[in-house]
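Asks: Dropping the sequence and predicted coords here.
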Amino acid sequence: MNRENKQQLINELHEKLKNAKAVFLADFRGMSVSQATSLRNDLRKADVEYRVVKNTLLEMASKGTDKESLSPHYAGPTAIAFSYDDPVAAAKVLAKAAKEQQATFKLKAAVLTGKPITVSEIQALADLPSREVLIAKLLGTMNAPIANFVGTLAAVPGSFVRVLEAIRAQKQGN
């Protein structure tokens, strides 16, 4: 790779690092081709970009971004995953791969919206429900008081009608 190509790659990586909501680093020593392909497919389904990059290029590209705090982890074989939309989905796929392939795939660190996070925090992020589930729970919580109020309002006329029916039945009985 010549100097011009390297600079182009550094610029491309710099833009990706700036635009990503979350960036995850992993060590992939000993992964088989089928394992790597499966991981790439799972990440692609989650809209996550996954690349293997030289540490020196990654270090140069991260300068001036909020992902610069990852530089102590640029050692050994480094794979990087860029999440532009849903960091939880990326964390789920990567944590699952780390759990299933403990001997060959290890998470190193990550940065989520500018804040460095550890491997245990990545696991905690992966354990969160999906965005859709969280939104549904929030909407259900917001809807509950309204539904209860409507139920209360509907019960008042119903009770009134039952009282009138009881009075009518009592008068017919006398």
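Replies: Perfect, I can see it now. Predicted model, so just to flag it, every value in this text is computed and none were measured.
Asks: Which residue, neighbours along the chain excluded, lies closest to residue 121?
Replies: Of all residues not flanking residue 121 in the chain, residue 110 sits nearest, at 7.8 Å (C-beta to C-beta, 6 or more residues apart in numbering). Placement of C-beta: from N, CA and C, glycine included.
Asks: isn't the one you found right up against residue 122?
Replies: Yes. Assessed by C-beta atoms under 8 Å, residue 110 is found in contact with residue 122 at 5.4 Å.
Asks: Spit out the residues that contact the two alike.
Replies: 24, 91 (C-beta atoms under 8 Å, 6 or more residues apart in numbering).
Asks: is it true that the residue nearest to residue 121 lies in a strand?
Replies: Yes. Checked against DSSP: H, G, I helix; E, B strand; the rest coil, residue 110 lies within a strand.
Asks: Give me the distance between it and residue 40.
Replies: Residue 110 sits at a distance of 18 Å from residue 40 (criterion: C-beta to C-beta, to the nearest Å).
Asks: The two: which is more packed in?
Replies: Using other C-beta atoms under 10 Å as the criterion, residue 110 and residue 40 rank with residue 110 on top: 28 against 16.
Asks: Report pLDDT for that one.
Replies: pLDDT recorded at residue 110 is 93.
Asks: contacting residues around it?
Replies: Going by C-beta under 8 Å, 6+ apart, residue 110 touches 22-25, 70, 91, 116-117, 121-122.
Asks: let's see it at 10 Å
Replies: Residues counted as contacts of residue 110 (C-beta atoms under 10 Å, 6 or more residues apart in numbering) are 22-26, 67, 70, 73, 80-81, 83, 87, 90-91, 94, 116-119, 121-122, 125.
Asks: now swap in residue 18 and tell me
Replies: Residue 18 makes contacts with 61-62, 64-67, as judged by C-beta under 10 Å, 6+ apart.
Asks: quick one: buried residues of the helix or strand that residue 121 is a member of?
Replies: If you go by DSSP states H and E, residue 121 is part of helix 119-126. For helix 119-126, a neighbour-count test (16 or more other C-beta atoms under 10 Å) marks 119, 122-123, 125-126 as buried.
Asks: Mean confidence (pLDDT) on that helix, please.
Replies: Helix 119-126 carries an average pLDDT of 90.
Asks: Please save the CA atoms from that helix in PDB.
Replies: The C-alpha coordinates for helix 119-126 follow below in PDB (Å, rounded to 0.1, in the frame of the first residue of the first chain):
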ATOM      1  CA  VAL A 119     -16.100  -4.800  28.200                       C
ATOM      2  CA  SER A 120     -18.500  -5.300  31.200                       C
ATOM      3  CA  GLU A 121     -20.300  -2.100  30.200                       C
ATOM      4  CA  ILE A 122     -20.600  -3.400  26.600                       C
ATOM      5  CA  GLN A 123     -22.200  -6.600  28.100                       C
ATOM      6  CA  ALA A 124     -24.600  -4.500  30.100                       C
ATOM      7  CA  LEU A 125     -25.500  -2.600  26.900                       C
ATOM      8  CA  ALA A 126     -26.100  -5.900  25.100                       C
END
